[in-house]
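[1] the sequence and its predicted three-dimensional model are supplied below.
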Amino acid sequence: MSLPRLSDDTLAALPPTVARLAFDRADTRIGIVHLGVGAFHRAHQAVYIDDLLADDPDWAICGVSLRNPDVRDALRPQDGLYTLALLDGGPTLRVIGALREVLCAADERDAVLARLAYPDVRLVMLTVTEKGYCLSADGVDLAHPDIARDLATPASPSSAIGVIVAGLALRRAQGLPAYTVLSCDNLTDNGGRLRRAVLQYARQFDTGLADWIDAHATFPRSMVDSITPATDDALRADVDAALGLHDAWPVQREPYAQWVVEDAFCNGRPPLERVGVILSSDIAGWDRAKLRLLNGPHSALAYLGRLLELETVSDAMRHPALSAFVERLMREDIAPTLGAMDGFDAQAYIGAILERFRNPAIRHRLGQIAWDGSQKIPVRLLGTITDARAAGRSIDRLCLPVAAWMHFVRRQAQAGVALDDPMADRLASVGATMIVDARQDVTAILALDQVFDAVVNDARIGDALVRAYAVLGDATPADVERALAAV
């Protein structure tokens with residue numbers, strides 16, 4: 001027998017084990033348009049706004065899919081309601097009601113543009129992934145097919161940049177103030193890059209509009225963090241059983257979430273600080289902290305853990321020697337490389353990350369984290385090594401994960417296993433020549449200038465990598481155990 005659908009009309013039927021809305025949806029007003037209404041937005045920013053609506057009803061969300069109607073078609077019959085499962089061993093279930101409207105720009109463009117020109121809308125947010133911005137090195141990619149098409153018909157856009165500018169053009173024409181545009185994608189300088197792209201795009205067809213946007217709109221930088229596994233049939237079945245109602249598209253995430261936003265809004269802003277959002281002028285510092293204290297140790301767990309024949313992050317954190325090594329790495333080696341930031345407690349942040357890593361409900365596979373090592377190693381680990389070396393501190397422990405990656409490359413290449421990496425062919429070629437001679441192997445892989453250009457001429461770093469590679473021996477599990485005890 002089919003279940004009734006989750007909706008405004010069936011909310012009262014929810015069992016007491018499911019957290020209900022803390023506000024009356026009829027009292028809320030749409031003040032935010034969000035482009036890219038995928039799982040991460042619905043599990044992250046929309047939850048913060050859901051918390052806020054009980055206190056300030058002016059900031060409900062219109063969620064917009066730019067191309068794919070699937071989310072709209074799943075959630076519109078549910079009045080925009082959906083279930084969030086927090087993966088804390090339970091899981092804990094909560095119905096989210098922040099989405100008051102769900103549109104798809106591909107076949108509802110006029111409705112999307114009308115909503116952007118709605119006077120109550122004061123904030124436009126995005127989670128469209130990096131490729132959704134159609135960026136060039138320092139602006140917008142004018143040759144991108146979506147951008148070229150939108151520039152030919154700017155009043156009928158399909159790209160995120162085109163939609164943002166078309167909405168601002170309507171507001172200017174109607175004498176309405178500009179809205180704030182807030183990128184929530186994890187791009188370095190996300191607000192700055194988005195602003196440059198928007199202005200360059202607008203100048204292609206209306207310099208007056210570009211000048212107006214430059215003078216009146218703002219593009220705050222932000223940083224977001226929460227592990228959000230994809231929705232699967234098991235989650236759908238569990239949620240339906242718990243609700244006694246059918247939810248076509250629940251979402252799930254770890255309990256931890258972080259949102260840091262630059263306080264640079266042009267037309268009022270939601271009181272985000274009331275619901276745990278950190279307002280900061282130093283988004284770059286928070287980005288650096290996440291990159292070094294979360295992403296760097298993730299890579300350390302991935303490469304050392306795979307050499308130990310472990311499968312997931314939580315498996316790695318149950319390995320006594322590896323978990324102790326990673327904690328020392330974070331507290332003693334990485335944290336000292338971070339500058340001071342207002343409101344940032346490095347040791348507390350590390351404690352929260354370690355708790356996240358240990359969560360057995362999140363099956364984050366080490367093999368997946370190991371992908372794209374040639375791209376990740378420079379930004380996640382080499383910058384930290386360079387800063388620690390410049391400060392005169394020991395870099396031996398920091399070099400061990402990099403050496404583990406080198407062994408990982410060697411083992412995969414010599415086993416004939418393809419690497420999932422943009423440099424897979426070059427890495428396989430180098431890995432095939434490695435003979436477990438530390439000086440020779442490290443010298444060969446340091447010649448990959450796309451990875452090691454920043455450190456290849458630093459003899460002290462080179463020597464530390466040779467020592468780390470050597471201490472890992474043949475990189476068998478027993479060798480890695482001994483190496484972890486030695487550093």
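    Okay, I see it.

[2] now the helix ranked longest in the chain: buried residues?
    When the chain is parsed with DSSP state H, its longest helix is helix 396-414. Of all the residues in helix 396-414, those buried under the rule 16 or more other CB atoms under 10 Å are 397-413. For the C-beta atoms, the positions are set from N, CA and C on the backbone; glycine is no exception.

[3] helices or strands next to it in the packing?
    Contacts defined by 3 or more CB pairs under 8 Å, 6 or more residues apart in numbering; DSSP states H and E place helix 396-414 against helix 296-307, helix 320-328, helix 373-377, helix 383-390, helix 424-433, helix 438-446, helix 459-471, helix 477-486.

[4] centroid-nearest residue for the protein?
    Asn186 (4.8 Å; CA atoms, centre = their mean).

[5] for it, what are its contacts?
    The neighbours of Asn186, taking CB atoms under 8 Å, 6 or more residues apart in numbering as the test, are 223-224.

[6] if you set the cut-off to 7 Å instead, what comes out?
    Val224 (CB atoms under 7 Å, 6 or more residues apart in numbering).

[7] three-state assignment of it?
    Using DSSP: H, G, I helix; E, B strand; the rest coil, the secondary structure recorded for Asn186 is coil.

[8] per-domain residue ranges of this structure.
    Domain ranges of the chain: 8-281, 284-486, per automatic domain parsing.

[9] pLDDT of the shortest one, averaged?
    Mean per-residue pLDDT for domain 284-486: 96.

[10] and the end-to-end length of that domain?
    Terminal residues of domain 284-486 lie 34 Å apart, using CA to CA, to the nearest Å.

[11] for stretch 442-460, same thing?
    Stretch 442-460 end-to-end distance (CA to CA) = 13 Å.

[12] reformat the domains of the chain as CSV; add distance to Ser2.
    Converted to CSV, the domains of the chain look like this (distance: least, CB to CB, whole Å):
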stretch, distance to Ser2
domain 8-281, 7
domain 284-486, 29
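
[13] ok so, going back, just the helices and strands packed on helix 396-414: most buried one?
    Across the helices and strands packed on helix 396-414, averaging neighbours per residue (mean count of other CB atoms under 10 Å) puts helix 296-307 on top, at a mean of 26.

[14] who touches the helix or strand following that helix?
    Counting by DSSP states H and E, the next helix or strand C-terminal to helix 296-307 is helix 313-317. For helix 313-317, the external contacting residues (CB under 7 Å, 6+ apart) are 301, 305, 310, 322-323, 357-360, 362, 364, 366.

[15] redo those as CSV? Include distance to Leu99.
    Shown next, in CSV, are these (distance: CB to CB, whole Å):
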residue, distance to Leu99
Leu301, 35
Gly305, 38
Leu310, 39
Leu322, 41
Ser323, 39
Phe357, 31
Arg358, 32
Asn359, 27
Pro360, 31
Ile362, 25
His364, 27
Leu366, 34
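
[16] going by distance to Val71, which of the residues you listed wins?
    Proximity of these to Val71 (CB to CB) peaks at Ile362, which lies at 23.1 Å.

[17] circling back to that earlier point, just the closest of the contacts of helix 313-317 to Pro477, please.
    Out of the contacts of helix 313-317, the member with the shortest distance to Pro477 (by CB to CB) is Leu310, at 9.1 Å.

[18] leaving out the residues flanking it, which one is nearest to the closest one?
    Computed as CB to CB, 6 or more residues apart in numbering, the closest residue to Leu310 that is not its neighbour in sequence is Ala316, at 5.0 Å.

[19] can you give me the neighbour number for the one you found?
    Other residues near Ala316 come to 26 when the count uses other CB atoms under 10 Å.

[20] mind checking how far it is from Leu301?
    4 Å (CB to CB, to the nearest Å).

[21] and Cys104, what are its phi and psi?
    Cys104 adopts backbone torsions of phi -130, psi 120, taken as degrees, to the nearest 10.

[22] now swap in Arg269 and tell me
    With angles defined as degrees, to the nearest 10, Arg269 sits at phi -150, psi 160.

[23] same check, this time on Pro422
    phi -60, psi -20.

[24] contact partners for it?
    Under the criterion of CB under 7 Å, 6+ apart, the neighbours of Pro422 are 372, 374-375.

[25] likewise Ile350?
    Here Ile350 is in contact with 293, 330-331, 335 (CB under 7 Å, 6+ apart).

[26] quick one, grab the pLDDT at Met1.
    So Met1 comes in at 63 (pLDDT).

[27] quick one, strands of the protein?
    Using DSSP state E, the strands found in the chain span residues 30-35, 60-65, 82-86, 92-96, 99-104, 123-126, 180-183, 222-225, 251-253, 258-261, 278-279.

[28] output those strands in a markdown table; the columns should cover distance to Arg172 and mean neighbour count.
    Listed next are these as a markdown table, based on distance: least, CB to CB, whole Å; neighbours: other CB atoms under 10 Å:
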| stretch | distance to Arg172 | mean neighbour count |
| --- | --- | --- |
| strand 30-35 | 17 | 25 |
| strand 60-65 | 20 | 26 |
| strand 82-86 | 35 | 24 |
| strand 92-96 | 33 | 19 |
| strand 99-104 | 22 | 22 |
| strand 123-126 | 15 | 24 |
| strand 180-183 | 14 | 24 |
| strand 222-225 | 25 | 22 |
| strand 251-253 | 36 | 24 |
| strand 258-261 | 25 | 21 |
| strand 278-279 | 28 | 18 |
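
[29] now the ones you listed in TSV, with mean pLDDT and distance to Ala242?
    Shown next, in TSV, are the strands of the chain (pLDDT from 0 to 100; distance: least, CB to CB, whole Å):
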stretch	mean pLDDT	distance to Ala242
strand 30-35	98	27
strand 60-65	98	24
strand 82-86	98	8
strand 92-96	98	6
strand 99-104	98	20
strand 123-126	98	29
strand 180-183	98	33
strand 222-225	97	27
strand 251-253	97	13
strand 258-261	98	27
strand 278-279	96	32
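
[30] who wins for proximity to Val487 among those strands?
    strand 222-225 (28.1 Å).

[31] now for the closest one, which elements pack on it?
    Secondary-structure packing of strand 222-225 (3 or more CB pairs under 7 Å, 6 or more residues apart in numbering; DSSP states H and E): strand 258-261, helix 283-290.

[32] out of these, which gets nearest to Leu14?
    Leu14 sits nearest to strand 258-261 of all the helices and strands packed on strand 222-225, at 26.8 Å, using CB to CB.

[33] ok, the closest one: who's next to it in the sheet?
    Partners of strand 258-261 in the sheet, by DSSP bridges, are strand 222-225 (antiparallel), strand 278-279 (parallel).

[34] now render those strands as CSV, adding distance to Gly268.
    Putting the strands paired with strand 258-261 into CSV (distance: least, CB to CB, whole Å) gives the following:
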stretch, distance to Gly268
strand 222-225, 17
strand 278-279, 14
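
[35] tell me how far Leu243 lies from Thr83.
    7 Å.

[36] do the same with Leu170
    35 Å.

[37] same check on Ala415?
    Counting by CB to CB, the gap from Ala415 to Thr83 is 43 Å.

[38] again with Gly268
    In terms of CB to CB, Gly268 sits 31 Å off from Thr83.

[39] ok, now Gly63?
    16 Å.

[40] ok, now Ala13?
    In this view, Ala13 and Thr83 are 14 Å apart by CB to CB.

[41] for Ser136, which non-adjacent residue is closest in space?
    Leu142 (7.5 Å).

[42] just Met223 next, same as before
    Nearest non-adjacent residue to Met223 (CB to CB, 6+ apart): Val260, at 4.4 Å.

[43] mind listing what the one you found touches?
    Counting by CB under 7 Å, 6+ apart, the residues that Val260 touches are 222-223, 278, 280, 283, 286.
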